[in-house]
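*Asks:* structure for the following, please:
(one chain, ligands or ions: 1)
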Amino acid sequence: MAAGELEPRYRHALLIGTTGMLAAASAWIAARTERVTVVARRAPEFRLGDPVLDGRLERIAADYADTDAFIAGLEVRLGAAAGLDLCVTWIRPAAHDLRDRIAVLLHASRARLVEISGSRSLKPGGFAERRAETMRTYFAELPYQQIILGLRPSASGPRTLSHAEISEGTIQALRSGGARHLIGDPSRPS
Ligand SMILES: NC(=O)c1ccc[n+]([C@@H]2O[C@H](COP(=O)([O-])OP(=O)(O)OC[C@H]3O[C@@H](n4cnc5c(N)ncnc54)[C@H](OP(=O)(O)O)[C@@H]3O)[C@@H](O)[C@H]2O)c1
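*Replies:* Next comes the predicted model:
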């Protein structure tokens, strides 16, 4: 760990869409968190492969394609005393309404919201900018961080990130804080 980085601890983390390429980052979070709620359509099947860490997981099967049902389900399962202090989301569609409603869910506990998105979100006036503006305007009470998935150079030109690189970059971002963390390079050269 480099100087100035954080070794965070959490009480309750809400992880949405982190059972695929972010599984290793989920394990890192689980190792530092008392209670971890994992949300995905197939969350009940998700295992970290470590009995201690798996014992900390509460798994919620939910599909974010239906925003109302997704949020209502989370409200019921999390309960009023959720005590969240971290929420990490990897949600493919831009889905601003869904993202806003997740932020509303975090309001009472002032949890830190970390949104992961693809490199195209970095376009001027694009998704990352608009999300940051929304968070500043309507959810200023929430600590907010963006993690953007970039590209890596390779012999045959820029390539997408591996799952290991994505999880490592996410862990690095959680440790270092900051409003925006780019993993890799911003975009393909034109
Ligand atoms: N710039 C880059 O390098 C870059 C950017 C983007 C993607 N990628 C690559 O794209 C590949 C695959 O991306 P991926 O999006 O399939 O990521 P993934 O992390 O492998 O899977 C998507 C995650 O979201 C959940 N999910 C998906 N749809 C959902 C829904 N409707 N409701 C609730 N949860 C849902 C999935 O669980 P369930 O299926 O159980 O719901 C899973 O947890 C990765 O291998 C990555 O390397 C690269």
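*Asks:* what does this protein put close to the ligand?
*Replies:* Residues of the chain lying close to the ligand by C-beta under 6 Å from any ligand atom are 17-22, 40-42, 63-65, 90, 92, 118-119, 149-151, 160-161, 163. C-beta coordinates here come from the backbone N, C-alpha and C atoms, glycine included.
*Asks:* identify those among the residues you listed that sit within strands.
*Replies:* A40, W90, G118, L149, L151, T160 (DSSP state E).
*Asks:* okay, now the first one: neighbour count?
*Replies:* Here the neighbour count serves as a burial measure; for A40 (other C-beta atoms under 10 Å) it reads 21.
*Asks:* contact partners for L22?
*Replies:* L15, V88, W90, I116, H163, I166, S167, T170 (C-beta atoms under 8 Å, 6 or more residues apart in numbering).
*Asks:* among these, which ones are buried?
*Replies:* The neighbour count (16 or more other C-beta atoms under 10 Å) marks L15, V88, W90, I116, I166, S167, T170 as buried among these.
*Asks:* quick one: what helix or strand has the second one in it?
*Replies:* The secondary structure element spanning V88 is strand 86-90 (assigned by DSSP states H and E).
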